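S.K.: any chance you can model this:
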Amino acid sequence: MPDDAAARATAEEESAFSHPAVDPDSTAAYGDHPDQVIDFYAPRGERVPGEAPPLVVVLHGGAWRAPYDRRHITPFADFLARRGFAVANVEYRRGAALPTQGGTGPVAGRWPDTFDDIAAALDALPALVREALPQADPRRTVITGHSAGGHLALWAAARHVLPKDAPWRTDAPAALRGVVALAPIADFTVAEKLAVCDGAAAQLLGGEARFVERLPYADPSLLLPTGIATTLVQGRADIVVPQAVAESYADAAAKSGEVVGLTLLEDVGHFPLIDPAADACAVVAEEIAQLAW
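M.R.: Numbering: from 1, shown residues only. Sure, this is the predicted structure:
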């Protein structure tokens with residue numbers, strides 16, 4: 001029943017946001033803007049004896065909109081740190097705090113600033129990690145992200161297959177063990193058809209007038225194959241970013257000749273994936289561990 005689904009989604013969101021924010025062990029800037037910072041969490045849990053802990057890069061969601069910053073995902077970052085991972089929680093510029101045309105809410109993302117920041121953060125990360133988390137093994141880096149952050153994680157791993165005139169393009173694949181994208185906005189065309197987050201993908205690209213033009217530079221489903229191990233984790237009961245979005249990305253990957261893992265969780269919606277109190281969060285940690293170790 002639609003009402004039951006909405007009630008469950010509300011309860012799941014309330015649970016995920018009920019945890020107090022967890023302060024990082026340190027914070028470093030990768031640029032001059034106040035949002036160009038990375039929080040670092042040292043591993044606190046048990047580790048494989050004699051092995052340096054893997055590094056997990058976390059990209060938060062929130063539809064690329066200003067009200068949702070990295071603080072809401074700090075309990076998840078702490079959850080990973082308590083399971084033995086070194087964690088880098090990346091902040092980035094999101095949409096202006098001004099309402100969209102028509103007054104429906106904050107604008108999703110900034111073009112090109114949001115993409116500038118993810119590229120700059122990932123480029124600066126190796127040096128910052130050496131300083132902030134010297135115990136971490138950067139050779140075992142996994143990038144994860146939730147919702148809009150899942151999009152950014154997939155995009156960050158695909159910079160080497162961006163169009164040649166893209167300013168964020170790299171000459172070689174990122175040095176990643178893999179990507180674990182959590183309920184990602186992974187196919188912009190499907191997301192727009194389903195009105196995901198009130199048209200956030202189109203807003204991120206500068207509106208409907210620029211959507212098609214900018215799609216090849218931003219849509220992960222068009223940036224394949226990457227050659228980097230990728231797993232999507234998706235709740236079957238997700239009504240925020242429906243399962244069809246992840247399935248479309250997986251289909252596009254298969255057509256490109258790349259196998260992408262798709263873990264579908266029964267009776268799970270959007271937010272349990274980053275809720276330390278939910279069983280789904282433990283599944284996410286295991287998926288990360290499978291790639292990191």
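S.K.: tell me where this structure has strands.
M.R.: Using DSSP state E, the strands of the chain run over 26-29, 37-41, 54-59, 86-90, 137-146, 178-182, 230-235, 261-265.
S.K.: now those strands in TSV, with mean pLDDT?
M.R.: Formatted as TSV, these follow (pLDDT from 0 to 100):
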stretch	mean pLDDT
strand 26-29	98
strand 37-41	98
strand 54-59	98
strand 86-90	98
strand 137-146	97
strand 178-182	99
strand 230-235	98
strand 261-265	98
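S.K.: the ones you listed: which one's closest to A157?
M.R.: Judged by Cβ to Cβ, the one of the strands of the chain that comes nearest to A157 is strand 178-182, at 4.8 Å. All C-beta spots, glycine's among them, are computed from the backbone N, C-alpha and C.
S.K.: buried sites along the closest one?
M.R.: Neighbour counts over strand 178-182 (16 or more other Cβ atoms under 10 Å) mark 178-182 as buried.
S.K.: for stretch 216-225, buried residues please.
M.R.: 217-225.
S.K.: that older thread, for D69, state which of the buried residues of strand 178-182 is nearest.
M.R.: L182 (17.5 Å).
S.K.: contacting residues for that closest one?
M.R.: Listed by Cβ atoms under 8 Å, 6 or more residues apart in numbering, the contact set of L182 reads 144-147, 149-150, 232-234, 273-274, 284.
S.K.: can you redo the residues you listed as JSON lines with distance to A121?
M.R.: JSON lines is the format used below for these (distance: Cβ to Cβ, whole Å):
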{"residue": "T144", "distance to A121": "14"}
{"residue": "G145", "distance to A121": "12"}
{"residue": "H146", "distance to A121": "16"}
{"residue": "S147", "distance to A121": "18"}
{"residue": "G149", "distance to A121": "12"}
{"residue": "G150", "distance to A121": "16"}
{"residue": "L232", "distance to A121": "22"}
{"residue": "V233", "distance to A121": "22"}
{"residue": "Q234", "distance to A121": "25"}
{"residue": "L273", "distance to A121": "22"}
{"residue": "I274", "distance to A121": "19"}
{"residue": "V284", "distance to A121": "21"}
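S.K.: state the mean pLDDT of stretch 157-176.
M.R.: Mean pLDDT, computed over stretch 157-176, is 98.
S.K.: all helices of the stretch 101-250 of the chain, in order?
M.R.: Applying DSSP state H, counting those that start in this stretch to the stretch 101-250 of the chain gives helices spanning 113-132, 148-156, 188-193, 200-204, 208-218, 243-255.
S.K.: now the first one: buried residues?
M.R.: Residues of helix 113-132 classed as buried under the neighbour-count rule (16+ other Cβ under 10 Å) are 113-122, 124-125, 128-129, 132.
S.K.: could you dump it to CSV, C-alpha only?
M.R.: Backbone C-alpha positions of helix 113-132 (Å, rounded to 0.1, in the frame of the first residue of the first chain) are rendered in CSV as follows:
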residue,chain,number,x,y,z
ASP,A,113,31.3,23.6,-8.7
THR,A,114,30.0,20.3,-7.3
PHE,A,115,32.0,18.3,-9.8
ASP,A,116,35.0,20.6,-9.4
ASP,A,117,35.0,19.8,-5.7
ILE,A,118,34.7,16.0,-6.0
ALA,A,119,37.6,16.0,-8.5
ALA,A,120,39.7,18.3,-6.4
ALA,A,121,39.0,16.3,-3.2
LEU,A,122,39.9,13.0,-4.8
ASP,A,123,43.1,14.5,-6.3
ALA,A,124,44.1,16.0,-2.9
LEU,A,125,43.2,13.0,-0.9
PRO,A,126,46.5,10.9,-1.1
ALA,A,127,48.6,13.7,0.4
LEU,A,128,45.9,14.6,3.0
VAL,A,129,45.6,10.9,4.1
ARG,A,130,49.3,10.6,4.6
GLU,A,131,49.1,13.4,7.0
ALA,A,132,45.8,12.7,8.8
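S.K.: all set now, cheers.
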